[in-house]
Each structure stands twice: as C-alpha cells, then as structure tokens.
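Chemist: Any chance you could fold what I've pasted below:
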Amino acid sequence: MRTMIKAQWIVANDGQRHTLLRDGVVVYEGRNIIHVGKTFDGRVDKTIDAGAKLVCPGFIDTHVHSGHRASHRLITDSGRPLYFGQPFLEISVPKEGKTVSGDPRYLKPGDAELDAALELNAIFTVAELLRNGVTTFVEFGSQISVQMALKTQIERFGTRAYLGPGYDCGRWVGDEKGRLKRIRDDEGGLRGLKTAVEFIERHNGEQDDRIRGILVPREVETSSVELLRQTLRQADRLNVPMATHAAYSVLEFHDIVREHMMTPIELLNEVGMLRTTLNIGHGNLVADNANLNYSGARDLDLMGSHHCSISHCPINIARRARTLDNWKRYRDAGVNISIGSDTYPRDMMMNMRTASLMGKIMGHDYYKAPAGEVFEAATLGGARSLGRSDLGRLAPGALADIVIVDFSGKNSLRYGPVRDPIKSLVDCGVGDDVDTVIVNGNVCMENGAIPGLDIAALRDQAQRSGEHVWSTVQDWDPRGRTAEEASPWSFPLHPQ
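Modeler: Numbering: from 1, shown residues only. Prediction:
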C-alpha cells in the first residue's frame with residue numbers, strides 16, 4: 001500500500017544532512033520511503049494529513065537497559081561518594097551471595113517470579129520507547145533471558161531493535177564491609193560470547209529485518225583482552241556492530257590504566273576495536289577530561305581518527321553530577337555522537353534538550369550544541385553507529401521509520417508560537433508530544449495510543465513491582481541499608 005503524509009513541517013534529507021521542508025509530503029510504499037518533496041502527483045492509497053504537526057525520522061536510542069528502573073529511584077539526590085557517581089555500582093551490585101530482589105537479571109531459571117518480571121520489564125521498556133518516538137533501540141548487554149523477553153515484545157509492538165546477550169569476565173559484588181569485590185571468570189566471558197554469537201546467528205534479520213544482532217562485552221574493565229579480541233573477530237565475521245561501556249567511570253579509568261598501562265580508549269585501539277560501529281557507552285571520562293588530570297591525553301584524537309561513536313546519555317550522567325566535556329571538542333575531533341537514554345526517562349526530546357544545555361554550559365558558549373546538532377545525534381548519529389544509511393532520515397530508499405510530533409503541547413501553551421520546529425522541539429518538547437509512530441511502514445502508535453496496551457494498568461503493575469524492590473533493599477544492599485536510609489525522603493514524612 002502507498003501512503004502519503006502531508007504536513008506543515010517535514011525533516012527531509014539532501015543525502016548528507018537534514019533539511020527543513022515546509023508544506024510538503026512524505027510518501028512510502030511497503031517498508032520504504034519513495035518520495036519526499038513539496039508535492040506528489042502519483043497514485044496513493046491513503047493520505048495522512050498531519051496539519052501543523054512535525055514529520056521527522058524516528059529517534060534511535062543507542063543505549064537502553066531493559067526494565068522499569070525502580071532501583072534507580074534509590075540514588076536520586078543520594079549515593080555513596082566512593083563510587084564517583086557511577087550508577088550501576090549503587091544499585092546493581094548486591095551483597096556477596098545475595099540477589100537484587102525483583103530484578104530479573106539476578107533471578108535464576110525456576111524462580112517463581114522470573115517469567116513475570118521478565119515480561120513486565122520487556123513490555124515497559126518497549127512501550128516506553130515507542131511512546132517516546134523511538135523506532136530503533138540498542139539494548140546494552142543484558143543476559144539472554146532479557147533479550148528473549150524483549151524480542152517477544154518487539155514482535156508484538158512492531159518496533160526495531162539491536163539485541164545480543166551481554167557477556168563479561170566477572171561481575172562486582174559487595175564484600176562484608178560493603179566494599180567492591182570483583183569476581184573474575186575469564187572462561188565465563190568466552191562462554192558468554194559463544195552464547196551471544198549463537199543468539200545472533202539464530203535471530204539476526206527476523207521480523208522483516210527489524211531484529212538485528214550486536215556484540216556487547218559489557219564493560220571494558222570487566223573484559224579480558226582476549227575476550228575483546230574474540231569479540232572483534234566475531235563482529236567482522238558476522239558483520240554486526242559492537243558496544244561496550246568505556247571511559248565512563250573514574251574507577252574504570254584508573255583500573256585500566258593500572259592494569260594495562262594505557263587508558264580504556266588506548267586499550268580499545270590496541271585491540272583494534274575503534275571504528276564507527278563501535279558504540280562506546282558514555283565515553284565522557286576520556287583522558288582529555290580535565291577532571292582526570294591525565295598528561296599526554298590523546299583519547300579524543302584516537303576516537304576521532306577512527307570516527308568512533310559514543311552513546312551520550314545526558315540526563316543520566318547529569319543526574320550523577322557529570323557531563324560530556326565538551327560537545328564541540330568531540331565533534332571537532334571527528335567523534336560520532338549518538339543519544340541514549342540509559343535509564344529514565346526514555347524521552348529523547350528531554351535528552352536532546354539536556355545535551356544542548358549542558359553542551360552550552362561546558363563550552364561556555366551559547367552557539368555550542370545547537371538544536372540541529374543534538375537532533376542529528378538522535379537520528380543520523382544513531383544510524384551511523386549501527387552502520388545504517390537507511391535509518392535516521394526521510395529520503396527515498398530509506399526505511400519508513402517515521403514520527404509525527406504534535407506541537408499543541410497537549411492543549412497547553414508550552415510551545416508558544418513555533419518558528420523553527422527543531423528548535424521548538426528541543427527547547428520545549430517532551431516525549432508525550434509524539435502523536436504517531438510508523439516503523440517499517442506499519443503504524444505502531446496513532447493518536448498517542450498503542451494498540452492492545454493499557455498504559456494505566458502497565459503503570460500500576462510497575463508501581464507494585466517497584467515497591468517490592470524498595471521493601472527488600474536491606475536484604476541485598478552491601479551495607480544492609482533500608483530504602484529510606486539509602487535514599488532519604490525529599491521532605492520528612494508527615495506524622496500520621
């Protein structure tokens with residue numbers, strides 16, 4: 001079927017960059033766009049009149065961790081200083097011998113609550129991304145049971161994703177004094193890589209090519225050099241992208257320097273992994289960051305010379321008192337910046353706005369990280385990181401992954417008068433402004449409604465799950481703290 005979308009504003013593409021088309025049309029047939037322009041004289045079977053709304057490419061979230069993220073609510077405005085602001089060490093590292101209750105990453109096959117937790121987290125993740133206009137996402141290294149649960153919901157809701165079980169050579173736990181303790185398992189890392197390869201060989205290209213594989217050694221400091229080298233070999237053999245957390249933590253940076261006598265980025269370069277389709281998770285604590293006081297820094301030059309990609313997660317790292325230092329220097333070096341949500345909210349508009357504002361602050365210049373650049377990062381930047389020229393753009397031959405954004409502000413005055421739609425979207429938009437989402441030419445959400453999904457019921461289910469997590473914190477927290485001790489109330493509770 002051939003469909004034409006008419007709109008006041010369209011983010012078109014001239015083959016190299018986005019352009020703004022006023023009062024134009026987008027035409028797609030099957031899963032591909034066939035025309036973008038002022039008018040279209042050919043036959044169409046259906047016309048969508050978007051009126052004063054914005055028609056743009058679907059957003060690409062390059063850094064997603066599955067789940068409703070209830071545990072992350074425990075570190076808002078709080079946390080242990082010895083972790084230097086690294087979130088996962090706060091809420092994903094249990095006391096040795098314990099598991100994080102309610103988190104399917106720690107449940108074992110046969111646990112009564114496993115299947116329900118996996119399904120809830122997968123539905124919540126895919127639905128939240130879809131509701132916020134994300135048509136393609138990259139899951140950043142959860143185990144195979146999480147990947148399978150996500151695959152089921154991707155099939156159900158019609159979105160696009162890069163999946164692959166993550167692997168490493170041993171995780172962190174908390175010792176008897178609440179300190180970090182590393183459990184090393186090099187052979188386990190290689191077994192994990194084998195599982196990931198088998199998953200990709202089995203599922204790559206499924207669902208009309210909406211599911212593709214990605215190899216994810218979870219963190220550079222929890223991966224052996226041999227595991228990284230084997231990952232590179234398999235990525236070349238399978239022709240898939242790679243992702244790993246690197247240059248993202250003070251502790252990780254110093255651990256790598258101490259062990260390998262080179263920075264995390266230098267280590268990745270030594271292995272041969274630096275390339276556009278290596279998604280470096282965060283990449284904000286490179287040697288060039290003045291806060292690390294590392295002499296002779298050359299990380300940005302290395303990353304830029306290989307046109308590496310970073311998944312910049314602006315809201316999440318700002319919440320932990322960090323940011324990218326700085327947007328313009330990365331761009332000038334040649335680094336491809338993409339945008340990820342990482343934790344919550346999975347709202348690309350809010351993440352674009354935070355990236356822009358922090359980019360201006362760190363650059364001490366209000367011309368830096370402008371709306372057009374952060375929008376490009378959320379679309380074309382993500383496509384580059386995946387090695388895709390058919391995503392992130394509205395142009396003939398590209399896939400019909402299209403988002404329609406409503407500038408009415410849900411009957412509010414939040415947008416005010418709109419002159420430049422991209423500046424208005426970045427300055428004033430929220431994910432709830434997404435009206436319609438089309439993936440592979442299929443309408444997955446219309447008028448803000450996802451077919452077959454009760455948002456209110458899902459929200460209630462997530463609330464109950466979160467309250468279960470919070471009620472059990474003292475059982476797995478390395479210091480035995482309750483939720484109230486780990487994360488005091490914003491204001492004292494009113495006496496009953």
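Chemist: ok, Val64 touching Ser341?
Modeler: Yes: at 6.4 Å, Val64 counts as touching Ser341 under the criterion of CB atoms under 8 Å. In short, each C-beta sits where N, CA and C put it, glycine included.
Chemist: can you list residues touching both of these two?
Modeler: Here Val64 and Ser341 have Leu129 as joint contacts, going by CB atoms under 8 Å, 6 or more residues apart in numbering.
Chemist: Mind checking which of these two has more residues around it?
Modeler: Ser341 (29 against 26; other CB atoms under 10 Å).
Chemist: Look up how far Val138 lies from the more buried one.
Modeler: Distance, Ser341 to Val138, by CB to CB, to the nearest Å: 11 Å.
Chemist: that's a helix at Thr231, yeah?
Modeler: Yes: counting by DSSP: H, G, I helix; E, B strand; the rest coil, Thr231 is found in a helix.
Chemist: number of nearby residues for Ala449?
Modeler: For Ala449, using other CB under 10 Å, the count is 12.
Chemist: and if you look at Arg184?
Modeler: 12.
Chemist: residue contacts, it?
Modeler: Cys169, Gly170.
Chemist: Now do the SS call for it.
Modeler: coil.
Chemist: before we move on, the earlier item: mutual contacts of Ser341 and Val138, please.
Modeler: Asp61, His63, Val64.
Chemist: Now pLDDT and secondary structure too, for those, in CSV please.
Modeler: Below are those laid out as CSV (pLDDT from 0 to 100; DSSP: H, G, I helix; E, B strand; the rest coil):
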residue, pLDDT, secondary structure
Asp61, 98, strand
His63, 98, strand
Val64, 98, strand
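Chemist: Export these as TSV, with columns for distance to Ala457.
Modeler: What follows is the shared contacts of Ser341 and Val138, written out as TSV (distance: CB to CB, whole Å):
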residue	distance to Ala457
Asp61	24
His63	28
Val64	23
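Chemist: how about the residue nearest the centre of the chain, what does it touch?
Modeler: Residue closest to the average C-alpha location in the chain (CA atoms, centre = their mean): His63, at 2.3 Å. Applying CB under 8 Å, 6+ apart, we find His63 in contact with Val138, Phe140, Asn279, Gly281, His282, Ser311, Cys313, Gly340, Ser341, Asp342.
Chemist: now with 10 Å?
Modeler: By CB atoms under 10 Å, 6 or more residues apart in numbering, the residues touching His63 are 137-140, 243, 245, 279, 281-282, 310-313, 316, 338-343, 351, 382, 385.
Chemist: How many neighbouring residues does the nearest residue to it once chain neighbours are set aside have?
Modeler: With CB to CB, 6 or more residues apart in numbering as the criterion, His63 has its nearest non-adjacent residue at 2.4 Å, and that residue is Gly340. The burial count assigned to Gly340 is 32, neighbours taken as other CB under 10 Å.
Chemist: How about Val434?
Modeler: 25.
Chemist: Among the contacts of His63, name the ones in helices.
Modeler: Using DSSP state H, the members of the contacts of His63 that fall in helices are Asn316, Asn351, Gly382, Ser385.
Chemist: Let's see the pLDDT reported for the last one.
Modeler: Spelled out, that is Ser385. Looking at Ser385, its pLDDT is 98.
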